[in-house]
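Undergrad: Give me a 3D structure for the following:
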Amino acid sequence: MSTLSTHPATVPGSPSAHRWKVLAAGVAANASFSAVFSGLPVTSLVLRSDYHLSNAQLGLALGLLSLGVALGELPWGVLTDRLGDRKVLLAGLLGTSAALCLLMAMARPGQGGSAFVWLCVGLTLAGLLGGSVNGASGRAIMAWFAEGERGLAMSIRQTAVPLGGGIGALLLPTLAARAGFGAVYGFLMALCLASVALVLLWLREPHKASHAHAATPVAMPALRSPLVWRLALGTGLLCAPQVALISFGGIFLHEVGQAGLLLISVLLTLVQVGAAVARIASGRWTDRRGQRRPYLRACALGSALLFLLLGVSSLSGLSISLQWLGGVLVVAGVVVSAWHGVAYAELAVAAGPAQVGTALGLGNSCVFGVFFLTAQAIPLLLHWHGWPAVWIVTAGVALLVWPLFPPARKAPASS
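TA: Numbering: from 1, shown residues only. Just a heads-up that it's a prediction; the model follows:
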C-alpha cells in the first residue's frame, strides 16, 4: 500500500509557515460544523421539552442530523479529490448556513405541528451539506504537512470537534432555554459564515502539490483496500459510545444523578475540553513514536472498560453519588474521544495521496452512520433495561473494535 509523500508542504514556492493558516481554516470549519452536530444534542433536555418530543422522536431528530452527514460524506470526499478542498469547503459551509436559516424560519417551537417535520428536514440538510468539511479539511492538511507532523496536525484539526462541541455545550442549552431555538440556529449560522471568511482568505493548494501526488502511485483504489475498510469501520464503531454519551449523557445525569442544567453543561464541557487536550497530546505522542495502530487498539480497550464501569455504576439499587457518576462520565468521554486525529491520519496514509478525500469520506460515512444508528438504538435500550443496558452495550461495541484496528506495522515502510 502506498504512503503519502513525506514533504508535500515544503516544495519550492510553498512557504511552510502558511500551513498553519491552512490548519487554522480547517479547525474553524470543523469547529463551526461541530457546534451544530455536537452542540445541538447537548440541548436535548430543552429540545425535548420545547418541542414536546418523546425519547423516540428526540432520537429520530438528532439521528437524522447524523444520517445526513453519513449519506453525504463519501460523495463529498470523491468530489474533494476531483475539485479540490477550497470549492468543497465553501459549498458545504454555505449550504449548512442555508439549512440553519431554514430551521430558524420554519422549525422554531410553537409554530404548530409542522415544527417537528421542519426540524427533521432542516437537521438532515445541515448534516448532508455540512459533512463536506471533514474530508475537505483533512485533505488540505495532509497535503500541507509532512509525515512527522501529520498525526499532530490531524489531531489539532480533530480538536475542532470537541472545541465546537464545547462551545455548544457551554452556550447552547442556556441560549435555548432563555432565548429560544431561533437564537440557537442564528448563532450556529454566524459561526459557519465566519469560517467561510477564513477559507476564502487562507485555503489554497500547496505549490506543485498535484505533481507530488502524481509522483506517488496508488497500489489499490481506497474503496477496494481491506486495510482502509478496517480502519474506517473501526473508526465508525468506536464512535457509538461517544455519541451515546454526548447525545444522552445530559439526560442520564438528570435522571440518575438529579443533576441540574448548569452542572450538566459544565460536565459535558469538561468532556469536550479534555477531549481536545487528549487529541493534541495523542497526535504528538504517536508522531514521535510511530505507534498509531497500538494506540488506537489501546483506546478501544480503555473505552470498553470505562463504559462498562459506567454501566455498573448506574445499576439500580446501588448508592452512587453524583460526583462519582459525573467523574466516570467525564473520564469515559475523554478517552472515547481522544483517538480521532490519530485514526484519520492512519486512514489517510493507508489510502495514498490521490485518494485522501475518498478515504476520509468513507471513514466519516461510517462514523455518522453509526451516529444515526446509535441515536435510534438508545431509546430502545432504555425501554429494555434502562441506563445500564445503554452503557454496557456501548462498552461491548467498543470491545468489538479492538480486533478491527490492525496491529503495529512489522516494518516502518509498510502500511
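Undergrad: Tell me which residues are up against stretch 37-45.
TA: With CB atoms under 8 Å, 6 or more residues apart in numbering as the test, stretch 37-45 has contacts from 47, 58, 62, 65-66, 69, 123, 126-127, 130, 161-162, 164-165, 167-169, 171-173, 176, 181, 184, 188, 243, 246-248, 250-251, 254, 261, 264-265, 268, 272, 371. For the C-beta atoms, the positions are set from N, CA and C on the backbone; glycine is no exception.
Undergrad: Likewise for stretch 299-319?
TA: 234, 238, 241, 252, 256, 320, 324-325, 328-329, 331-332, 335-336, 338-339, 386-392, 394-396, 398-399, 401-402, 405.
Undergrad: Determine the set of other helices and strands touching the helix or strand hosting residue 323.
TA: If you go by DSSP states H and E, residue 323 is part of helix 322-335. Under the contact criterion of 3 or more CB pairs under 8 Å, 6 or more residues apart in numbering; DSSP states H and E, helix 322-335 touches helix 239-257, helix 261-289, helix 292-313.
Undergrad: rewinding a little: which among the contacts of stretch 37-45 count as buried?
TA: Burial by neighbour count, judged by 16 or more other CB atoms under 10 Å, picks out 47, 58, 62, 65-66, 69, 123, 126-127, 130, 161-162, 164-165, 167-169, 171-173, 176, 181, 184, 188, 243, 246-248, 250-251, 254, 264-265, 268, 272, 371 from these.
Undergrad: In this protein, what helix or strand scores lowest on average pLDDT?
TA: Between all helices and strands in the chain, the lowest mean by mean pLDDT, DSSP states H and E belongs to helix 209-214, at a mean of 42.
Undergrad: buried ones in the helix or strand just after that helix?
TA: Following helix 209-214 in sequence order, the next helix or strand is helix 226-237 (DSSP H and E). Going by neighbour count (16+ other CB under 10 Å), the buried part of helix 226-237 is 227, 228, 229, 230, 231, 232, 233, 234, 235, 236, 237.
Undergrad: what about the closest residue to residue 338 other than its chain neighbours, how many neighbours?
TA: Leaving aside its sequence neighbours, residue 338 sits nearest to residue 278 (CB to CB, 6 or more residues apart in numbering; 3.6 Å). Neighbours of residue 278 under the rule other CB atoms under 10 Å: 21.
Undergrad: Residue 407 - how many residues pack around it?
TA: Residue 407 has 9 nearby residues by other CB under 10 Å.
Undergrad: close enough to count as contact, it and residue 298?
TA: No. Taking contacts as CB atoms under 8 Å, residue 407 lies outside contact range of residue 298: 11.6 Å.
Undergrad: Between these two, which contacts overlap?
TA: Common neighbours of residue 407 and residue 298 (CB under 8 Å, 6+ apart) do not exist.
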